[in-house]
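Asker: everything below, folded, please.
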Amino acid sequence: MFTPTKKTIVLGDGREITLETGKLAKQADGAVELRMGNTMLLATVVSAKEAEEGADFMPLQVEYKEKYSAVGRYPGGFTKREGRPSDYEILTARLVDRVLRPLFPSNYHANTIVTVTLFSSDGQDQPDALAGLAASAAIAVSDVPFEEPIAEVRVARINGEFVIDPTFEQLKNADMELMVGATYDNIMMVEGEMDEVSEDDLIAALKAAHDAIKPMCVAQKELAEQIGVVKREYCHETDDEELHERMRAEVYPKCYAVAKAGCADKQWRNESFQKAFDEFVETIPEEEREEKAMMVKRYFDEIQRDAVRRCILDEGLRLDGRKTTEIRPITCWPDYLPGPHGSAVFTRGETQALATCTLGTKLDEKLVDDVLYRGNERFLLHYNFPGFSTGEAKAGRGISRREIGHGNLAHRALKRMIPEDLPYTVRIVSDILESNGSSSMATVCAGCMALLDAGVKMKKPVAGIAMGLITDEGNVKHAVLSDILGDEDHLGDMDFKVTGTADGITATQMDIKCDGLPYEILEQALRQAKEGRLHILKLINEAIPAPREDYKPHVPRIVHMTVDKEFIGAIIGKGGEVIQAIQEETGATVTIDEIDGKGEIDICAPEKDKIDAAIARIKAIVAVPEVDKVYTGKVRSILEFGAFVEFMPGRDGLLHISEISWNRLESMEASGLKEGDEVQVKLIEIDKKTGKFRLSMRAIQEKPEGYVEEKKERRPRPQGDRGPRRDGGNGHGPRREGGNNRGPRRG
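Answerer: Numbering: from 1, shown residues only. So this is what the prediction gives:
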């Protein structure tokens with residue numbers, strides 16, 4: 001029987017986080033309930049007792065789920081239940097996965113599932129910042145092997161001060177937002193966006209986040225000690241030291257020679273490494289090859305990694321022959337495709353991205369209906385990574401989590417440079433055509449050029465670069481690598497992506513795979529990244545110095561109007577009939593929203609005359625009637641005494657028979673007016689009490705010479721059936737005593 005055990009963590013502002021185990025999900029290998037205010041997450045971990053046959057890696061899967069019931073809402077859609085994970089849930093799961101994965105023992109290969117579920121929220125505290133802590137705590141109280149606990153926090157700079165795990169409301173005022181994952185000793189993961197901050201500001205934010213993480217790691221260790229956790233024993237790898245030593249002696253020199261060759265051709269390097277592997281396999285007795293195949297592959301990966309890393313550290317030679325600060329050749333081709341509104345191809349070495357930009361209306365906005373956020377997105381960026389980009393015969397099967405993650409990083413890099421007054425909804429699509437190192441940073445560069453080619457007046461151009469790191473034990477030697485290759489990412493100790501303008505950083509993503517990385521090395525990496533970023537921005541500026549002066553001919557034009565709130569209903573009309581009629585008759589697309597007590601209108605069409613026609617219709621609706629102004633109206637109805645004319649949209653006025661002509665008309669038939677006729681009328685009076693309008697046609701006609709206005713005789717007052725007045729003067733007979741016509745007063 002489990003005994004509930006609890007630990008409390010106090011944040012710097014006094015808020016508390018509690019971790020409790022022993023109450024819920026007791027059949028999982030580990031389960032922890034995390035509470036912060038009214039936010040409650042349940043994290044569980046289950047790991048198979050044995051590794052699957054043939055497994056030579058850590059088969060970890062992290063899931064993050066949010067229940068709509070957590071905030072008392074129904075899910076959308078026909079089924080009214082939670083379905084596939086949203087992009088937000090996938091991105092949160094990736095943040096947790098990236099911190100946990102390096103801390104499982106390298107020889108542990110059992111299938112492991114970590115699940116974090118949001119069961120309660122008041123919509124104030126952000127649960128994604130707590131998911132990493134909850135997941136790590138669940139592993140800490142389980143018997144699953146794990147090197148040491150981690151935690152994640154969000155750090156934001158608000159009014160110049162760093163705030164740990166800010167609320168949704170606080171985050172709106174942040175100019176810098178980072179998610180940081182770390183152990184007690186080392187930062188493991190960073191991801192976030194910024195408003196052109198300096199490298200020093202980024203380092204300061206990392207230090208503030210790490211200080212907040214340390215007590216969270218201590219609390220997990222204490223929780224595990226309280227319940228007496230004992231980690232399981234396992235054996236998922238077999239070793240043959242004699243084979244290992246022989247292989248190192250024979251294969252290491254060959255791998256080192258390939259690394260030292262400095263060939264920029266990825267295909268040649270892959271074939272050369274494979275040849276070294278195949279030659280050694282031939283030396284193993286045929287009957288033993290199948291049995292030792294996985295062991296040999298594991299030893300070869302280790303030897304290849306050591307050879308490449310030593311070549312860089314000892315001789316300063318990278319796989320493709322570059323210096324540590326050197327960036328591969330870059331070509332920029334803006335305006336590459338005639339059909340899209342904007343397009344560009346960015347090629348850096350063996351990495352190539354083709355980006356397109358499409359400009360749409362408000363109707364093209366993405367509706368986001370997540371558990372804790374509902375709203376519209378006006379800037380979209382989608383990233384596609386087909387198999388042919390790496391020469392793989394792999395069919396596409398939907399969008400992968402990696403594609404969502406890389407697209408999100410590029411989106412964060414560019415979005416703060418989109419002008420706030422841009423009337424368009426913007427969608428960038430990046431298709432990776434080749435990949436050998438940081439296709440997400442190629443997406444940022446290609447996306448920036450596509451925006452400029454589309455005519456989007458970006459605040460500043462943005463570029464991105466990926467940095468790598470090679471260290472030896474104890475950081476005696478290290479090398480920071482600019483513009484890393486795919487192999488350098490795989491074999492190195494750090495993947496540090498930095499995007500920004502010439503004036504500061506806009507987004508970053510960092511994964512660290514080694515222990516004890518000093519801040520001095522991070523500072524060097526950031527300085528080196530800035531040099532590389534400025535180099536790339538220079539090349540982009542040479543290719544496309546400024547945004548296109550005008551949009552391409554086939555881009556829909558959008559004109560923005562603002563009207564008073566009182567006119568919104570008149571423009572929409574009953575059941576939308578007015579706005580639909582405007583769109584049908586003019587061919588323009590019209591959208592209207594109430595924002596800050598005003599009606600904000602966007603009118604969109606490819607042709608100017610269609611926009612002008614829609615504007616004229618709207619202006620007529622919102623115009624204020626003016627006395628003595630002439631209008632063109634339409635006869636709506638004919639009566640005996642005149643006609644009602646719609647002289648402005650939704651406004652009818654009375655055209656009396658006497659105001660049609662200077663000549664006296666005996667009947668409306670003599671006027672010749674019919675329903676539907678267009679007539680010019682002058683507004684001659686607005687009744688102050690009733691707001692009714694009097695119109696005249698004759699007021700805009702030339703007065704006949706010698707015209708004499710007929711005198712109107714005063715008609716006698718009708719007496720009705722009441723007869724002549726009596727002495728009381730009110731038609732009800734003489735007043736009675738008391739003066740109220742009700743008889744004499746009593747009493």
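Asker: for I558, which residues make a bridge with it?
Answerer: Beta bridges link I558 to C604, judged by DSSP bridges.
Asker: residues contacting it?
Answerer: By Cβ atoms under 8 Å, 6 or more residues apart in numbering, the contact list for I558 reads 361, 423-424, 602-604. Yep, even glycine has a C-beta here, placed from its N, CA and C like the rest.
Asker: low-confidence ranges in this structure?
Answerer: Within the chain, the ranges that satisfy pLDDT under 70 run 1-2, 474-475, 710-747.
Asker: centre of the chain to stretch 183-190, how far?
Answerer: Distance of stretch 183-190 from the chain centroid (Cα atoms, centre = their mean, to the nearest Å) equals 26 Å.
Asker: can you give the contact residues for it?
Answerer: 95, 98-99, 102-103, 148-150, 152, 178-182, 206, 209-210, 213-214, 217-218, 508-512, 515-517.
Asker: name the residues of that stretch that are buried.
Answerer: In terms of neighbour count (16 or more other Cβ atoms under 10 Å), stretch 183-190 has its buried residues at 183-184, 186-190.
Asker: now the two most distant members of those.
Answerer: Maximum pairwise distance among those (Cβ to Cβ): 16.7 Å, between Y184 and V190.
Asker: okay, strands next: where are they in the stretch 101-250 of the chain?
Answerer: Secondary structure of the stretch 101-250 of the chain by DSSP state E, counting those that start in this stretch: the strands cover 112-120, 151-158, 161-164, 174-182, 187-197.
Asker: mind listing the helices for the stretch 601-747 of the chain?
Answerer: With DSSP state H, counting those that start in this stretch, the ranges of helices along the stretch 601-747 of the chain come out as 608-622.
Asker: scratch that, the chain
Answerer: Under the criterion DSSP state H, the chain contains helices at 87-100, 128-140, 168-171, 199-226, 241-261, 266-281, 286-315, 401-415, 439-454, 486-491, 519-543, 568-572, 577-586, 608-622.
Asker: which of the residues in the longest one are buried?
Answerer: For helix 286-315, the neighbour count (16+ other Cβ under 10 Å) marks 292, 295-296, 298-300, 303-304, 307-313 as buried.
Asker: ok, now the fourth one?
Answerer: Within helix 199-226, the residues that count as buried by 16+ other Cβ under 10 Å are 199, 201-202, 204-206, 208-210, 212-213, 215-217, 219-220, 223-224.
Asker: run the chain-centre distance for it.
Answerer: The answer for helix 199-226 is 28 Å, by Cα atoms, centre = their mean.
Asker: please apply the same query to the longest one.
Answerer: How far helix 286-315 lies from its chain's middle: 42 Å, per Cα atoms, centre = their mean.
Asker: elements contacting it?
Answerer: Here helix 286-315 touches helix 241-261, helix 266-281, strand 463-471, strand 478-482, helix 486-491, going by 3 or more Cβ pairs under 8 Å, 6 or more residues apart in numbering; DSSP states H and E.
Asker: re the thing from before, nearest to S389 among the buried residues of stretch 183-190?
Answerer: Of all these, M189 has the smallest distance to S389: 25.2 Å, by Cβ to Cβ.
Asker: can you tell me how far the closest one is from D493?
Answerer: Separation of M189 from D493 (Cβ to Cβ, to the nearest Å): 13 Å.
Asker: now for these two: what residues contact both?
Answerer: I512.
Asker: related to what we said a few turns ago, of all the buried residues of stretch 183-190, which comes closest to A355?
Answerer: Taking these together and measuring to A355 by Cβ to Cβ, the closest member is V190, at 25.3 Å.
Asker: reformat the buried residues of stretch 183-190 as JSON lines; add distance to A442.
Answerer: Below are these laid out as JSON lines (distance: Cβ to Cβ, whole Å):
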{"residue": "T183", "distance to A442": "32"}
{"residue": "Y184", "distance to A442": "36"}
{"residue": "N186", "distance to A442": "29"}
{"residue": "I187", "distance to A442": "26"}
{"residue": "M188", "distance to A442": "25"}
{"residue": "M189", "distance to A442": "22"}
{"residue": "V190", "distance to A442": "21"}
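Asker: you'd agree T347 is up against L354?
Answerer: No. With contact defined as Cβ atoms under 8 Å, T347 and L354 do not form a contacting pair (9.6 Å).
Asker: still on that earlier bit, can I get the strands of the stretch 101-250 of the chain in a markdown table with distance to I595?
Answerer: Converted to a markdown table, the strands of the stretch 101-250 of the chain look like this (distance: least, Cβ to Cβ, whole Å):
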| stretch | distance to I595 |
| --- | --- |
| strand 112-120 | 31 |
| strand 151-158 | 25 |
| strand 161-164 | 28 |
| strand 174-182 | 23 |
| strand 187-197 | 23 |
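Asker: among those strands, which is nearest Q680?
Answerer: The nearest among the strands of the stretch 101-250 of the chain, by Cβ to Cβ, is strand 187-197 at 56.7 Å.
Asker: hey, what's the angle from the closest one to helix 401-415? Just curious.
Answerer: Taking axes from the mean of the first three to the mean of the last three Cα atoms, to 10 degrees, one finds strand 187-197 and helix 401-415 inclined to each other by 30 degrees.
Asker: who does strand 187-197 pair up with?
Answerer: Here, using DSSP bridges, strand 187-197 pairs with strand 174-182 (antiparallel), strand 505-512 (antiparallel).
Asker: tell me which of those strands approaches V480 most closely.
Answerer: Once those are compared by Cβ to Cβ, strand 505-512 is nearest, at 12.6 Å.
Asker: show me how far the closest one is from its chain's centre.
Answerer: So, by Cα atoms, centre = their mean, the centroid of strand 505-512 is 17 Å from its chain's centroid.
Asker: separation between A224 and K7?
Answerer: For A224, the distance to K7 - Cβ to Cβ - is 10 Å.
Asker: oh, I was asking about R98
Answerer: On the measure of Cβ to Cβ, R98 and K7 end up 25 Å apart.
Asker: which one of these two has more residues nearby?
Answerer: R98 (23 against 20; other Cβ atoms under 10 Å).
Asker: excluding its backbone neighbours, what's nearest the more buried one?
Answerer: M189 (4.8 Å; Cβ to Cβ, 6 or more residues apart in numbering).
Asker: so how far is Y299 from the closest residue to F104 other than its chain neighbours?
Answerer: Nearest residue to F104, sequence neighbours excluded (Cβ to Cβ, 6+ apart): M58, at 5.1 Å. Distance of M58 to Y299, given as Cβ to Cβ: 18 Å.
Asker: for C255, see how far away E279 is.
Answerer: With Cβ to Cβ as the criterion, E279 and C255 are 11 Å apart.
Asker: please apply the same query to A613.
Answerer: Counting by Cβ to Cβ - A613 and C255 are separated by 72 Å.
Asker: same check on I582?
Answerer: 71 Å.
Asker: send the alpha carbons of stretch 245-259 over as CSV?
Answerer: Extracted in CSV, the C-alpha atoms of stretch 245-259 (Å, rounded to 0.1, in the frame of the first residue of the first chain):
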residue,chain,number,x,y,z
GLU,A,245,39.9,-3.2,-28.8
ARG,A,246,40.7,-4.9,-32.2
MET,A,247,38.1,-2.8,-33.9
ARG,A,248,39.4,0.4,-32.5
ALA,A,249,42.9,-0.5,-33.6
GLU,A,250,41.9,-1.3,-37.1
VAL,A,251,39.0,1.1,-37.8
TYR,A,252,40.0,4.3,-35.9
PRO,A,253,42.9,5.3,-38.3
LYS,A,254,40.6,4.9,-41.3
CYS,A,255,37.8,7.0,-39.8
TYR,A,256,40.3,9.7,-38.8
ALA,A,257,41.7,9.8,-42.3
VAL,A,258,38.1,10.4,-43.7
ALA,A,259,37.5,13.1,-41.1
